[in-house]
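**Student:** can't give you the sequence, but here's the structure:
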């Protein structure tokens, strides 16, 4: 019976005298360098972005909403309690100034606190019937979010919220009829 011989290990070669100590060290060095190269090429993400020809615009703190985040932290730390009306008023100012990320973050913060006017404004930003890329940091409307925040606004007593919900429902039904699966899912959740 023929057995295929196994390749000798570096230790076996060294013990048999078939390989010198210097050659063994060289072999181990080559293996180490190969493993390090494999790690840096395939496993570890590059530390610096690789130039791809795509220009990524540098964003300002206002474009990232940093100012709003700082303001929210200040509002939350108020010992007298959170003033969602203050956040809403500041959001309106930021929106008028074109600081959309700051405005949207503040609307969201106040809406999460069940401040109905903020919920209504936030819903308007998401509503496909009222969506404008000039007034939003999003690239497209989100009818599910519009439904959610209009519902909060309605429950909070905003008189125009039920009419907006009805307009949104018509849009969702039309989109569903055209095969929009997100619209179909929203119809299933509709009250």
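**Tutor:** Nice, I can see it. Computed from a prediction, not measured in an experiment: that's the story for all the values here.

**Student:** just for the protein, where's the confidence low?
**Tutor:** Within the chain, the stretches with pLDDT under 70 are 1-21, 23-25, 27-28, 31-32, 34-35, 37-65, 67, 191.

**Student:** now with 90?
**Tutor:** Scanning the chain for pLDDT under 90 picks out 1-83, 87, 94, 97-103, 105, 132-139, 188-191.

**Student:** over to residue 96. Which of the three states is it?
**Tutor:** helix (DSSP: H, G, I helix; E, B strand; the rest coil).

**Student:** what about it, how many residues nearby?
**Tutor:** 9 (other Cβ atoms under 10 Å). No exception for glycine: its C-beta is placed from N, CA and C like everyone else's.

**Student:** for residue 81, see how far away it is.
**Tutor:** Residue 96 sits 27 Å away from residue 81, going by Cβ to Cβ, to the nearest Å.

**Student:** check residue 117 too.
**Tutor:** Between residue 117 and residue 81 the computed distance is 18 Å (Cβ to Cβ).

**Student:** higher neighbour count, the two?
**Tutor:** Neighbours were tallied for residue 117 and for residue 81 using other Cβ under 10 Å; the higher tally belongs to residue 117 (20 against 8).

**Student:** hmm, residue 171 is touching residue 128, no?
**Tutor:** Yes: counting by Cβ atoms under 8 Å, residue 171 does reach residue 128; the two are 5.5 Å apart.

**Student:** hey, what's in contact with both of the two?
**Tutor:** residue 143 (Cβ atoms under 8 Å, 6 or more residues apart in numbering).

**Student:** so between those two, which is more surrounded?
**Tutor:** Higher neighbour count among residue 171 and residue 128: residue 171, with 19 against 16, using other Cβ under 10 Å.

**Student:** helix or strand for the more buried one, which one?
**Tutor:** Using DSSP states H and E, residue 171 sits in helix 161-177.

**Student:** buried ones in the helix or strand that that helix is followed by, by neighbour count?
**Tutor:** Next along the chain after helix 161-177, taking DSSP H and E as the criterion, comes helix 181-189. Under the neighbour-count criterion of 16 or more other Cβ atoms under 10 Å, helix 181-189 has 183, 186 buried.

**Student:** angle of helix 181-189 against helix 161-177?
**Tutor:** Calculated by axes from the mean of the first three to the mean of the last three Cα atoms, to 10 degrees, helix 181-189 forms an angle of 130 degrees with helix 161-177.

**Student:** give me the domain ranges for the chain.
**Tutor:** By the assignment in automatic domain parsing, the chain contains the domains 10-43, 61-113, 115-191.

**Student:** against residue 112, how distant is the residue nearest to residue 86 when sequence neighbours are not counted?
**Tutor:** Once flanking residues are discounted, residue 86 sits nearest to residue 75: 6.2 Å by Cβ to Cβ, 6 or more residues apart in numbering. Taking Cβ to Cβ as the criterion, residue 75 is separated from residue 112 by 12 Å.

**Student:** looking at the two, which is more packed in?
**Tutor:** With neighbours defined as other Cβ under 10 Å, residue 75 and residue 112 compare such that residue 75 has more, 19 against 14.
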